[in-house]
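>>> fold the following.
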Amino acid sequence: MSAPQHKNVAFDTEKIDIKRTTSVLSSDSSAESLSVGVQIARESEHEIKYRTCSWQKTAALLFSEYICLAMVSFPWSFSVLGMVPGVIVTVTIAATCLYTSLILGRFCIKHPEMRDVCDIGQYLFGGSQLAYNLTAMMFILNNVFVQALHVITGAKYLNTVTNSSECSLTFGAITAIICFLVSLPRTLNQMSGLGTFSAITMGIAVLLTIIFSGVESHPFGYIANQEPLVTAIPVPGTTYVAGMSAFLNITYTFVGQVMIPTFIAEMENPKDFPKALWAVTIAEVVTYTICGAVVYHFVGNQYVTAPAFGSLTRTYKIIAFSFAVPTIIFLGALYSNVAARFVFFRMFRESRHRHSNTVVGWGVWVALVAATWILAWIIGEVIPFFSDMLSLMSSLFDGWFGFIFWAMAYLTLYPGDSKWDGPLRSAETLVNYFFILLGAYITVAGTYTSVESIIESYQTQEVRGVFTCASNAL
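The predicted model follows:
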């Protein structure tokens, strides 16, 4: 696929009605805001308008992305790392991702013509077509693999609550069809309401998990006279692979920057993005830390599972897991929507099908969304070691999308000697060089850890079959 040519948006006085530029930008005459104003004005006569999200709606999308199923795997990470390192790693990674996301926000504000991470990847690597294509490949694979995870999780939920003889393939297909329907809105503004509901219900699921882990007499699978063991530091004999897996589980949950450029590209006023980011980060730190620490305290090393729903006795497990269903559906739908949007915008760059309710436009949109879910269902069923494969894909992609890209973006914001302008700026520059090294380390170490985990899974015969009807219930 060809990459767009990035050009500064110029005013066309014949096409722009000053009265139609947004009031939120009326007091800000910077070049960046004026470019956004031009985009909004050009959309004013379109049937489908994209730059319509307030910062509150963007916050709802971020909440739905980050207040997610992965957070109920934090007790497992804490059990491997120990309580103290678990809390420290959670807070440190949260601060790191907050900073890199703020850099990303500043970059997108300066370059409002860039609609997604693929545009940014091409820019950061000097306009390279190869960089654009590789970023596009990683972007689409990342999203489709996340969708596949949600297909599998939906089947896991249905298997858990029904105890039926229905084939897991069928449950996965049912999940994919429901997610497909939720993925169909054309703008993120339309998705934000469901995002709010998803984040609220997931928050309830986590709260119930915390409460139930404390009120139940014993965790699920309890063995008489073997009380839950909780340690402040890793237990003796913890391997590098186990420790890195726990560290990466926390890291990958916080690394969601790959979606942020698309969110900012549909904001009325991108300069409000930090408000949304700060709101979700504060919520992340509080909920992730409390969930990880409290649930681990009650279930201990012996009975902890990922997700933590599996540590609860059956009734509690079903109640808590059921509140996570909107997130299973919506978050997968959000990743599908963004992946399909990337391809759709490249197919119809300046065409009326992009911004009008045409039969062709809607037909292609529906086909693209359907294709992502069919591919996600196939991937989820054809890879027998899917969780390890997801970790491998995250290792290959998230070092770039979580750290390296945004450190490079910082270096473009402060070119030449300006990056060494004073002690504070110099210190910040050194931090960003460290993030490049950290991203490289995560890529290499994460890949090694994931491959070792795949080998161990085969050795212990934990790998399930391909296209199997076997239950994957908690």
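
>>> secondary structure element holding the residue nearest to residue 325 when sequence neighbours are not counted?
Nearest residue to residue 325 in three dimensions, chain neighbours excluded: residue 157, at 6.4 Å (CB to CB, 6 or more residues apart in numbering). Bear in mind the C-beta positions are built from the backbone N, C-alpha and C, glycine included. For residue 157, the element it lies in under DSSP states H and E is helix 129-162.

>>> so what secondary structure elements neighbour that helix?
When contacts are defined as 3 or more CB pairs under 8 Å, 6 or more residues apart in numbering; DSSP states H and E, helix 129-162 sits against helix 117-124, helix 168-182, helix 314-322, helix 325-347, helix 359-382, helix 386-399.

>>> the following helix or strand past the fourth one - contacts with which helices or strands?
To tie it back to what came earlier, the one meant is helix 325-347. For helix 325-347, the following helix or strand on the C-terminal side (DSSP H and E) is helix 352-355. Using 3+ CB pairs under 8 Å, 6+ apart as the contact test, the elements touching helix 352-355 are helix 359-382.

>>> ok, which stretches of the stretch 1-150 of the chain are helices?
Applying DSSP state H, counting those that start in this stretch to the stretch 1-150 of the chain gives helices spanning 31-43, 55-66, 74-81, 83-110, 117-124, 129-162.

>>> could you list the buried residues of the longest one?
Within helix 129-162, the residues scored as buried using 16 or more other CB atoms under 10 Å are 131-136, 138-161.

>>> burial count for the nearest residue to residue 219 once chain neighbours are set aside?
Nearest residue to residue 219, sequence neighbours excluded (CB to CB, 6+ apart): residue 303, at 3.7 Å. By other CB atoms under 10 Å, the residues close to residue 303 number 23.

>>> try residue 247
As a burial measure, residue 247 scores 21 neighbours (other CB under 10 Å).

>>> need the nearest residue in space to it, chain neighbours excluded.
Using CB to CB, 6+ apart, the closest residue to residue 247 is residue 89 (6.1 Å).

>>> and residue 254, how far from residue 466?
Going from residue 254 to residue 466 by CB to CB, to the nearest Å gives 32 Å.

>>> by residue count, what's the longest helix in the protein?
Scanning the chain for the longest helix, with DSSP state H as the assignment, gives helix 423-459.

>>> list the helices and strands that one packs on?
Short answer (3+ CB pairs under 8 Å, 6+ apart): helix 423-459 packs on helix 83-110, helix 240-254, helix 386-399, helix 405-413.

>>> just put those in TSV and tack on mean pLDDT.
Formatted as TSV, the helices and strands packed on helix 423-459 follow (pLDDT from 0 to 100):
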stretch	mean pLDDT
helix 83-110	96
helix 240-254	92
helix 386-399	84
helix 405-413	96
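
>>> can you list those helices in CSV and add distance to residue 432?
Output for the helices and strands packed on helix 423-459, formatted as CSV (distance: least, CB to CB, whole Å):
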stretch, distance to residue 432
helix 83-110, 8
helix 240-254, 18
helix 386-399, 14
helix 405-413, 4
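
>>> looking at those, which is nearest to residue 348?
Of all those, helix 83-110 sits nearest to residue 348, with 22.2 Å by CB to CB.

>>> give the contact list for the residue nearest to residue 219.
Applying CB atoms under 8 Å, 6 or more residues apart in numbering to residue 303 gives the contacts 219-222, 228, 311.

>>> and for residue 49?
43, 187, 355.

>>> number of nearby residues for the residue nearest to residue 247?
When neighbours are counted by other CB under 10 Å, residue 89 registers 19.

>>> and it, how far from residue 289?
Taking CB to CB, one finds residue 89 at 10 Å from residue 289.

>>> kindly report the same for residue 125.
Distance, residue 125 to residue 289, by CB to CB: 36 Å.

>>> swap in residue 408?
30 Å.

>>> any idea what sits nearest the residue nearest in space to the middle of the chain, other than its immediate chain neighbours?
In the chain, the C-alpha closest to the average C-alpha coordinate belongs to residue 256, at a distance of 3.9 Å (CA atoms, centre = their mean). Distance criterion CB to CB, 6+ apart; nearest residue to residue 256, sequence neighbours excluded, is residue 65 at 5.1 Å.

>>> quick one: residues contacting the one you found.
Contacts of residue 65 by CB under 8 Å, 6+ apart are 256, 259, 331, 334.

>>> could these go into a markdown table alongside distance to residue 233 and pLDDT?
Below are those laid out as a markdown table (distance: CB to CB, whole Å; pLDDT from 0 to 100):
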| residue | distance to residue 233 | pLDDT |
| --- | --- | --- |
| 256 | 29 | 91 |
| 259 | 35 | 95 |
| 331 | 33 | 95 |
| 334 | 37 | 96 |
